[in-house]
Structure formats: C-alpha cells, structure tokens
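Engineer: A predicted structure for the sequence below; I have some questions about it.
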Amino acid sequence: MRREIRFNAFDMNCVGHIQQGFWAHPRDRSHRYAELRYWTDYARKLEAGLFDGIFLADIVGVNDVYGGSNAAALRGAVQVPVNDPIMLVPAMAAVTEHLSFGVTANLTYEPPFLFARRMSTLDHLTGGRIGWNVVTGYLDSAAKAMGLDTQAAHDDRYDLADEYMEIMYRLWEGSWEDGAVVFDRASHIYADPAKVRKVRHYGKQYRIDAIHLCEPSPQRTPVLYQAGSSTRGRQFAATHAECVFVNGQKIEGVKGIVDDIRARAVKYGRRADDVKVFVGATIVAGRTEKEAREKFEDYRAYASSEGALVHAAASLGLDFAKYDLDEPIETGKSTAIVSNVEAMTRGAGPRWTKRKLLEQMVLGSRQAPMVGSAEQIADNLVAWMNEAGVDGFNLSRTVVPECFDDIIELVIPILQERGLYKTGYRDGTFREKLFGSPRLPDRHIAARYRAAG
C-alpha cells in the first residue's frame, strides 16, 4: 500500500503567524481572527478539501527579544494580539465531522490536574478528534507574565515535561478502568467506585492525590504532538510523541532528524512507524509556473522583514537589532528553541549574518517557500516524503483564504491522481485515522500507567 501525504493547516489564533506582514494584503482575511464565523468557515473549507487537520500554534508571552522591546511586535502584529486556541476547537468541531485539531499548550504554566480535564473534555466534545502539541515554552516574557524572573534552562524544561507526562498518563490512562462507567438506571449506579482509582504522585515538581474528574474519552490520551528537534527534544519525542513537527531548509538535514528520532523510538521499545513526521512548508502554487511566480512577487511586496526578524529573534533567542548586516552573529548558548538555532547554522553556515538571514526571509519568515505550478509543487512534496521520510506537511498560511484554496483546488487533485492523497476520510478518531487504533499501543510509555493509580 502506498503512503499517503497528510496535510495540516498550520495557524494561530492571531493576525500574524509565521509569514509576517500579510495582514496588510488587500485579499487577506486574517484580521478577522477574533470572529467565530471566520474559524467555522475555515474548518468547513479544510474538511471539504480533505485536509487531515488544523494545527494551532500558541505562545503565552510576547516576542520582545528584538531591540529588547515589544514595540516592533505590536507594530507588525507579530503573534500579538493572540487569543486562546483551545476556545476555537468546539466551534470548529461542531461544523465538521472528520477534521482533527492539534492544539498547542505550554505545560510549564498549566497545572496538570486541570489541564488533563480540559483535554479530556475536548476529546469528548470532538468525538476523539483532539491532539496536544506538547511544548515547554521559549519566551522569558511568558515566564515573567507568570510571576517568574526567567524561564528554566532548555534541558531542565524537558525534565519537568517528563514528570508532567507521567501525571497525564496516570490521569488519562490509569484513573478510570475500562468498564468503570456502568450507567445502570435501574440500580442508580453511574460509575463503579471500585474501578476508579486515585492518582498519587509526589515528585520533584508536582504533587497530586486525586481521581481524574472525567470519565474515559474516546482516545483517553489525545494524539501527542511534539516540535522539538534538539538532542534533548528528540529524546522526548522518541519517548512520548506520536507526531513530530520539524522545520528545516534542506531535505538531508530533516532526514537526519527523522531517522534519529525513529531510531531512538525503536530503542525505547516502540516501532519506527509509531512516529509520524510533519515538516513545515509554505506553498505558493499556480496553474502554471508563470502564474505562481506572479503570485509570489505580489505576496513578496507585503512581506515584512522587520516582522520576520522580530519572530526569529524570539524563537532563536538572539537580538538581531544589535548586529550590522554583515557582522557575524554569535549564537552562544540559547535558552529559546535550540533546534531553530541548529537549523539556521545548517542552512547558513556557522558564521551566519543578518544579511544571510534576510535573504532567506523572502516571505516574512525563515521558511523558504515552495513556488511553482501545481505539478511542480506535487513533485516537491513527493520528494520530501521519499527522500526525508516525512509523512506530511504543516502548511503555514500566506494570504488567507486563497493560499488554502490553491492547495485544495490545484495541488490535492494532482496528488490524488497519483494515488498519494486520500479521496475520502476514513471513519474513526484522530488516532484511528493516523494509526488504526483509538488508543495508544501497549508499547508506548503511557501503557505502564494503565489502571495503576
């Protein structure tokens, strides 16, 4: 059976997400992000186009590294203002049947007991279509907003995350046994107390002594996404993640990350195909290459170099405002997204400069766009799948909604003709669509906490 390419729309509950500046384009509608109708129409469009899901990013701080101020971020709407992504999901789920929802939530600032209930609730309300992108944050501004002086060191955040995940598994997988819900009207028994166990955890960061407040949801544990590609991030992904989101400018660099994560997963007793990998991509497609190039030049006129530098400064942990165009940039030891620093070094060399960075930011981000006819785009996507071993793509928006209209109307039909994209949705939960089973397999680390309390 041939592998099928998977598509997620990659977005954020804000005006400017990855490609900065496009809110100023006359055809762009991202300024409507605070309207519920905007998101329900969006969800209907994606499901009609057979997208697998929408992946919603989030931050709980402000991109204020550039120039040591939030002024440039506010001027350019660089991920601010930003609303809660989780609040969108029930509305989008209500108008769709198959579309899945990956939501980013920063575990550093979410009490595990309450967050477990929130995700179980979403899994119930969506009929098992929810996924969680597990992040630990990278912004000092977020730490300060939560009453801390600064964020923890990069690897220390992953140590905290490992303990957090243990609590999640105990609550989702171990608190309520299968069959705990009796729903016996005649006997007036809804749940059997003997099959509901307290979770008792006394760890370095967290203490808990309680039952999970929710009865088992369709998936119990939501589909687990993770987006870290640093050495420590890969270890975490190989242990916990079912879907890994990677960024990279070159196929060979991404292939190395993909192969390493899957090899680690096997070392931890999982199978290589237990991990699906999605690579970030920006697509500008046309019916012909000429049409695509004309569209690209139109888009390029609205891309914001300053906005791109603001976003890059925050995610790399480097204040580019301090550097001249050709002054070598010293990365040092970043406490932000270490894998992004590593990706930049691979792409621009160890002595990269702001000029080199700006040369890559043709559409307002570090993500080099794919530009071409629908056939050329399809060829490029297939090359990524075959050569890098990825399973799908998180497609970041440019001018919405037309960027997704182009994918749906031009690119997907070509992939379908080649037998590389579905022509209809499979039944079942998010995890069933991905892996064929509604629950995590016994070889996943979560299984050791089932019905264990």
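Structural biologist: The structure has been received and is ready for your questions.
Engineer: Let's verify the closest residue to Lys204 other than its chain neighbours: helix, strand, or coil?
Structural biologist: Excluding the flanking residues, the one nearest Lys204 by C-beta to C-beta, 6 or more residues apart in numbering is Glu163, at 6.4 Å. Placement of C-beta: from N, CA and C, glycine included. Under DSSP: H, G, I helix; E, B strand; the rest coil, the three-state class of Glu163 is helix.
Engineer: Kindly report the same for the one 5 residues further on.
Structural biologist: The three-state assignment at Met168 reads helix, by three-state DSSP.
Engineer: Okay, it and Pro111: tell me how far apart.
Structural biologist: Counting by C-beta to C-beta, to the nearest Å, the gap from Met168 to Pro111 is 12 Å.
Engineer: how near is Ile377 to Phe236?
Structural biologist: From Ile377 to Phe236 the distance is 32 Å (C-beta to C-beta).
Engineer: Tell me which of Met168 and Pro111 has more neighbours.
Structural biologist: Legend: neighbour count by other C-beta atoms under 10 Å for Met168 and Pro111, higher for Met168 (26 against 13).
Engineer: Which helix or strand in the chain has the lowest average pLDDT?
Structural biologist: helix 338-348 (a mean of 51; mean pLDDT, DSSP states H and E).
Engineer: Now do stretch 182-195, average pLDDT.
Structural biologist: Averaging pLDDT along stretch 182-195 yields 97.
Engineer: Tell me the secondary structure at the closest residue in space to Met168 that isn't next to it in sequence.
Structural biologist: Distances taken as C-beta to C-beta, 6+ apart put Ala116 closest to Met168, at 5.8 Å, once the chain neighbours are dropped. When classified by three-state DSSP, Ala116 comes out as helix.
Engineer: and if you look at Glu327?
Structural biologist: coil.
Engineer: low-confidence ranges in the chain?
Structural biologist: 1, 331-351, 452-453 (pLDDT under 70).
Engineer: Could I get the full set of strands for it?
Structural biologist: Listed in chain order, the strands found in the chain under DSSP state E are 6-12, 53-57, 100-106, 130-135, 181-184, 189-191, 199-202, 207-210, 223-226, 243-246, 276-281, 283-286, 370-373, 392-396.
Engineer: These: which one's closest to Leu381?
Structural biologist: Nearest to Leu381, of all these, is strand 392-396, at 6.7 Å by C-beta to C-beta.
Engineer: ok, for Ser437, nearest residue in space, not its chain neighbours?
Structural biologist: Arg431 (6.4 Å).
Engineer: residues near the one you found, how many?
Structural biologist: The burial count for Arg431: 26, using other C-beta under 10 Å.
Engineer: go on, Ala263?
Structural biologist: Per other C-beta under 10 Å, the neighbour tally for Ala263 reads 12.
Engineer: Also the one 10 residues further on?
Structural biologist: Using other C-beta under 10 Å, Asp273 is surrounded by 11 other residues.
Engineer: for Arg75, same thing?
Structural biologist: Using other C-beta under 10 Å, Arg75 has 12 other residues around it.
Engineer: From Gln19, how far out is it?
Structural biologist: For Arg75 relative to Gln19 (C-beta to C-beta), the value is 16 Å.
Engineer: How about Ala91?
Structural biologist: 25 Å.
Engineer: These two: which is more packed in?
Structural biologist: Shown here are Ala91 and Gln19; by other C-beta under 10 Å, Gln19 has more neighbours (27 against 13).
Engineer: Make sure that one is actually in contact with Arg366.
Structural biologist: No: taking C-beta atoms under 8 Å as the definition, Gln19 is not a contact partner of Arg366, at 10.3 Å.
Engineer: As CSV, the strands of the chain with mean neighbour count and distance to Gly424 would be great.
Structural biologist: Listed next are these as CSV, based on neighbours: other C-beta atoms under 10 Å; distance: least, C-beta to C-beta, whole Å:
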stretch, mean neighbour count, distance to Gly424
strand 6-12, 25, 14
strand 53-57, 27, 16
strand 100-106, 24, 15
strand 130-135, 25, 21
strand 181-184, 12, 32
strand 189-191, 13, 37
strand 199-202, 15, 40
strand 207-210, 12, 43
strand 223-226, 25, 21
strand 243-246, 26, 22
strand 276-281, 22, 20
strand 283-286, 24, 23
strand 370-373, 21, 26
strand 392-396, 24, 17
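Engineer: So which of the ones you listed is nearest Leu440?
Structural biologist: strand 223-226 (8.2 Å).
Engineer: then that closest one to PDB, C-alphas only?
Structural biologist: This file holds the C-alpha atoms of strand 223-226, laid out as PDB (Å, rounded to 0.1, in the frame of the first residue of the first chain):
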ATOM      1  CA  VAL A 223      -2.800  12.300  20.000                       C
ATOM      2  CA  LEU A 224       0.600  13.600  21.100                       C
ATOM      3  CA  TYR A 225       2.500  16.100  19.000                       C
ATOM      4  CA  GLN A 226       5.900  17.400  19.800                       C
END
